[in-house]
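Student: Give me the fold of what follows.
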Amino acid sequence: MAQMHKKSEPNVVVKMCNKVKLLYTDPFLWQVVKSWSLFSGGVYLARALGPVISDNMEPV
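Tutor: Residues are numbered from 1 along each chain as shown. Predicted coordinates for the structure are as follows:
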């Protein structure tokens, strides 16, 4: 039984690699990945820098 499990692992790895390759070879999927990544990075920066920026602002 253990040998059957080891045989199936490379197939899973190959399938995952093919899916990742598809992300950057397909122009539409690559645009989606880039847009999502930049949006997520912006949200992270806004949350991380929000308290720092709001503490340094003077009231108007």
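Student: tell me the centre residue of this structure?
Tutor: Ser37 (5.9 Å; Cα atoms, centre = their mean).
Student: Stretch 27-42 - what's its average pLDDT?
Tutor: Summarised as a single mean, pLDDT over stretch 27-42 is 95.
Student: Same question for stretch 49-60.
Tutor: So the average pLDDT for stretch 49-60 ends up being 75.
Student: heads up, I number from 6, so please use that
Tutor: Sure thing, new numbering starts at 6, so read that last one as stretch 54-65.
Student: rewinding a little: and whichever strand or helix holds the residue nearest to the centre of the chain, how far out from the chain's middle?
Tutor: Take DSSP states H and E as the rule and Ser42 turns out to sit in helix 32-61. Here helix 32-61 is found 12 Å from its chain centre; the criterion is Cα atoms, centre = their mean, to the nearest Å.
Student: What is that helix packed up against?
Tutor: The contact analysis (3 or more Cβ pairs under 8 Å, 6 or more residues apart in numbering; DSSP states H and E) places helix 32-61 against helix 7-30. Using the backbone N, CA and C atoms, a C-beta is placed for each residue, glycine as well.
Student: residues near Trp35, how many?
Tutor: By other Cβ atoms under 10 Å, 13 other residues sit near Trp35.
Student: go on, the one 5 residues further on?
Tutor: Summarising burial for Ser40: neighbours were counted as other Cβ under 10 Å, giving 10.
Student: Ok, the one 10 residues further on next?
Tutor: Residue neighbour count, defined by other Cβ under 10 Å, stands at 10 for Leu50.
Student: Tell me how far it lies from Asp31.
Tutor: 28 Å (Cβ to Cβ, to the nearest Å).
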